[in-house]
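Participant: what's the 3D shape of this:
(2 chains)
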Amino acid sequence: MSKRRLDPTLLVGLAMLLLLCLFVGLGQFWTPHDPFLVDYGNTLQPPSAKHWFGTDDLGRDVASRVMAGGLVDLRVALVCVVAPAILGIAIGALSGFVGGRVDTVIMRITDIFWAFPFHVLVIAIVGVLGPGEANLYLAFLLVNWISFARITRGEVLVLRELEYVQAARSFGSTDRRIVVAHILPNAVTPAIVFAMADVVLTILAVTSLSFLGLGIQPPTPEWGLMIADGRQFLFDAWWIATAPGLAIIYTGVTFALIGEGLDTALRPKG
Amino acid sequence: MLTYILKRFVQLVPVLFGITLACFFLLRALPGDPATLLLGARGGPEEIAAMKQRLGLDLPLWRQYLLFLGDILSGSLGRSVVYGQSVTKLVLERLPATLWLVAYSTVIAVVLTIPLALWSAVKRDRAPDLLIKLVFTVLLAIPSFWLGLVLVVVLAIWVPLFPTSGYGNGFVERLHHLTLPAFVIALATASLTIRSLRSGILNVLGSDYVTTARAKGNATARTMHVHVLPNALISSISVLGAHTSWVIGGTVVIETVFALPGLGSLFVESIFARDYPMIQGLTVVFAVLVVLINLATDIAYALADPRIRLD
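Facilitator: All right, here's what the predicted structure looks like:
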């Protein structure tokens, strides 16, 4: 591994991630202005040296709100991918390793969930539960595990027939040990690569939900919500919706590049 | 071929049954109950009990499910609490706008995907390939609702080429109204499909029959037209089919941004109106749409590629 050069895409992605973390992390301690400070004498101001991205309809500094709002989006996106990933990997490993009827039942369930458009199912669940961060977590947990389960199952099906697993079995390893020590470490690679791509799609979904009014609620600064706010002032104050939009795109590209880079770096050569 | 189509229709039955089952029990398993959801803060215990009775929520869960299934089999998806009409009737009113949007955006996505994927694959790892990859990586990360708003500002307000919202009457007017929303969905779709089709084409380019064609001394252009392109077109059918769910999910947000009278905006309205029967009915309708479109693409694929139906 030490001889292998790091993939440039991965390096760019990681550098962008570092910058993003600094930007968002700094936003928790210091922002150019108070992101919550309402100033009616200073509404809808265009970008200037004082307000880099102008002010919104309540006179709040847009750049400060983008900085402060990043934490919510990153937190939600990461939890909404990592928790379902763990669940999905566990279910997929079980399904692939045990096989037989368990596998058939689990795969039929994923087939059916597969038919529901991702956005539709998440919106339906949040619609029934009501908006809010905790409900977003539950909705994504219920929907997002499916891809991870399918990917991991496919890997496990291949790995469990390989010689080194058969060898471990003939040495008397228990099933649990075979799965945990021999199969899972090799089976999770594609799931990790997919997780990065999934962060991109999840950030889009989370901000869409907030934009529709079904996700994070005001006055919390959040990117999707800020775009929804700016929507009413598109013609007079384009900057309100522009800044958070650019932040979402930057974040998405960051994780897309990391995913791509990991895919190249982790894929077996040849 | 007929046997293949029949077989696919028979396979549809358990899937559709599973969809109703998943939708019903998943939504019911969530904390909170539909009657409280409908009445919100207004409902006292008595109103909630009355609403439960009205919606049949006082019955055992399995009987409620059978009633729901019975409703579906009789062609009705229940009754909207807010509109007081059958869900099916409202769905049929709103369906055309969504189908227009899906069809139009699919056409645009195909027009973008096939040439760009071909170009990308042929120029693998060279400037055009890297540029296409970069552009569509950025496009994938753009929230569609934001891109929709940007296009409205630029192409509907600054340069008034397209209407900002609405659906229009007649074929031409409709195309004109739906161009921006369809384009937004198509860009998001193309950023996924170009990638899949590119790797599909790379497989074809590396296959024995293309090597043979080249070895026989065929010119590159002829090899592309006779051997690579037809196969690329066929795989684009299945690549697009795999992203149906993505396209239909995209319509929900985009219809709201462009105020289109489709299923997606009806769905969002129902969520805000806490119209439980509508939410449940529409969730099933969306899944059924995905399944039917996937079936259509599978059949189209089988018609185009004899190996599938002989399997």
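
Participant: From here on, just use CA atoms for contacts and neighbour counts.
Facilitator: Noted.

Participant: what does stretch B:76-89 rub up against?
Facilitator: B:68, B:71-72, B:75, B:273, B:275-278, B:281 (Cα atoms under 8 Å, 6 or more residues apart in numbering or on different chains).

Participant: my bad, should have said stretch A:106-122
Facilitator: By Cα under 8 Å, 6+ apart, stretch A:106-122 touches A:95, A:139-140, A:143, A:146, A:150, A:205, B:15, B:18-19, B:22, B:245-246, B:248-250, B:252, B:283, B:286-288, B:290-291.

Participant: I'd like the average pLDDT over stretch A:243-255.
Facilitator: For stretch A:243-255, mean pLDDT rounds to 95.

Participant: Quick check: which element contains residue B:253?
Facilitator: helix B:244-257 (DSSP states H and E).

Participant: what does that helix contact?
Facilitator: Contact with helix B:244-257 is made by A:115-120, A:208, A:212, B:98, B:101-102, B:144-145, B:148-149, B:181, B:185, B:189, B:261-265, B:267-268, B:286, B:290, B:293-294, as judged by Cα under 8 Å, 6+ apart.

Participant: What is the subsequent helix or strand relative to that helix?
Facilitator: helix B:263-273.

Participant: So which other helices or strands are in contact with that next one?
Facilitator: Helix B:263-273 is packed against helix A:118-129, helix B:87-122, helix B:244-257, helix B:276-304, with contacts defined by 3 or more Cα pairs under 8 Å, 6 or more residues apart in numbering or on different chains; DSSP states H and E.

Participant: Quick check: residue A:199 vs residue B:295, distance?
Facilitator: Separation of residue A:199 from residue B:295 (Cα to Cα, to the nearest Å): 29 Å.

Participant: Between the two, point out the one with more neighbours.
Facilitator: For residue A:199 versus residue B:295, neighbours defined as other Cα atoms under 10 Å in any protein chain shown are more numerous around residue A:199 (25 against 17).

Participant: Just confirm the more buried one contacts residue A:77, I think it does.
Facilitator: Yes. Using Cα atoms under 8 Å, residue A:199 is in contact with residue A:77, at 6.1 Å.

Participant: before we move on, back to that, ok now the helix holding residue B:253, how far from the chain's centre?
Facilitator: 7 Å (Cα atoms, centre = their mean, to the nearest Å).

Participant: could you give me the average pLDDT of that helix?
Facilitator: 89.

Participant: Next: stretch A:158-171.
Facilitator: 87.

Participant: Could you give the secondary structure assignment for the closest residue in space to residue B:260 that isn't next to it in sequence?
Facilitator: Take residue B:260 and drop its neighbours on the chain: the residue closest to it by Cα to Cα, 6 or more residues apart in numbering or on different chains is residue B:166, 5.3 Å away. Look at residue B:166: counting by DSSP: H, G, I helix; E, B strand; the rest coil, its state is coil.

Participant: separation between residue B:166 and residue B:175?
Facilitator: Using Cα to Cα, residue B:166 is found at 11 Å from residue B:175.

Participant: which one of the contacts of stretch B:76-89 sits closest to chain A?
Facilitator: residue B:276 (7.7 Å; Cα to the nearest Cα).

Participant: Identify the residues contacting that closest one.
Facilitator: Residue B:276 makes contacts with A:128, B:34, B:37-38, B:80-81, B:270, as judged by Cα under 8 Å, 6+ apart.

Participant: Neighbour-wise, give me the winner out of the residues you listed.
Facilitator: residue A:128 (25 neighbours).

Participant: I'd assumed residue B:27 was in contact with that residue.
Facilitator: Yes. Counting by Cα under 8 Å, residue B:27 is a contact partner of residue A:128 at 7.2 Å.

Participant: got the residues of the stretch 51-200 of chain B near chain A?
Facilitator: The interface of the stretch 51-200 of chain B toward chain A, taken as Cα under 8 Å from any Cα of the partner chain, is made up of B:137-138, B:140-143, B:145-146, B:149, B:153, B:157.

Participant: Kindly indicate whether the residue positioned nearest the centre of chain A is helix, strand or coil.
Facilitator: Centroid check for chain A by Cα atoms, centre = their mean gives residue A:199 as the closest residue, at 2.4 Å. At residue A:199 the chain is in helix, as set by three-state DSSP.

Participant: Check the gap between it and residue A:252 for me.
Facilitator: For residue A:199 relative to residue A:252 (Cα to Cα), the value is 8 Å.

Participant: Please apply the same query to residue A:243.
Facilitator: 14 Å.

Participant: So for these two, which residue has more residues nearby?
Facilitator: Each of residue A:243 and residue A:252 has its neighbours counted (other Cα under 10 Å); residue A:252 has more, 27 against 21.

Participant: Quick one: list the elements packing against the helix or strand that contains the more buried one.
Facilitator: Per DSSP H and E: residue A:252 is located in helix A:239-266. If you count contacts as 3+ Cα pairs under 8 Å, 6+ apart, helix A:239-266 packs onto helix A:8-29, helix A:62-98, helix A:184-212, helix A:223-231, helix B:127-141.

Participant: Contacts made by the helix or strand in which residue B:50 is found with the rest, please.
Facilitator: Taking DSSP H and E as the definition, residue B:50 sits inside helix B:45-55. Residues outside helix B:45-55 that contact it (Cα under 8 Å, 6+ apart): B:35-36, B:39, B:58.

Participant: again, only this time at 7 Å
Facilitator: Contact partners of helix B:45-55, identified using Cα atoms under 7 Å, 6 or more residues apart in numbering or on different chains, comprise B:35-36, B:58.

Participant: Residue A:136 and residue A:122: what is the separation?
Facilitator: The value you get for residue A:136 to residue A:122, if Cα to Cα is used, is 8 Å.

Participant: okay, the two: which has more neighbours?
Facilitator: A count of neighbours by other Cα under 10 Å puts residue A:136 above the other of residue A:136 and residue A:122, at 26 against 23.

Participant: Could you measure from that one over to chain B?
Facilitator: 13 Å (Cα to the nearest Cα, to the nearest Å).

Participant: same thing with residue A:71?
Facilitator: When distance is defined by Cα to the nearest Cα, residue A:71 is 18 Å away from chain B.

Participant: Could you do residue A:219 as well?
Facilitator: For residue A:219, the distance to chain B - Cα to the nearest Cα - is 19 Å.

Participant: Can you report how many residues lie near that residue?
Facilitator: 9.

Participant: Please identify which of the helices and strands packed on helix B:263-273 is closest to residue A:50.
Facilitator: Checking those against residue A:50 by Cα to Cα gives helix B:244-257 as the closest, at 31.9 Å.

Participant: List every C-alpha atom in that closest one, with coordinates, as CSV.
Facilitator: What follows is helix B:244-257, C-alpha atoms only, in CSV (Å, rounded to 0.1, in the frame of the first residue of the first chain):
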residue,chain,number,x,y,z
THR,B,244,-36.9,5.3,-13.6
SER,B,245,-37.4,5.5,-9.8
TRP,B,246,-34.9,8.4,-9.7
VAL,B,247,-36.8,10.3,-12.5
ILE,B,248,-40.2,9.8,-10.8
GLY,B,249,-38.8,10.8,-7.4
GLY,B,250,-37.3,13.9,-9.1
THR,B,251,-40.8,15.0,-10.4
VAL,B,252,-42.0,15.4,-6.8
VAL,B,253,-39.7,18.3,-6.0
ILE,B,254,-39.6,19.8,-9.5
GLU,B,255,-43.4,19.9,-9.9
THR,B,256,-43.5,21.9,-6.7
VAL,B,257,-40.8,24.3,-7.9
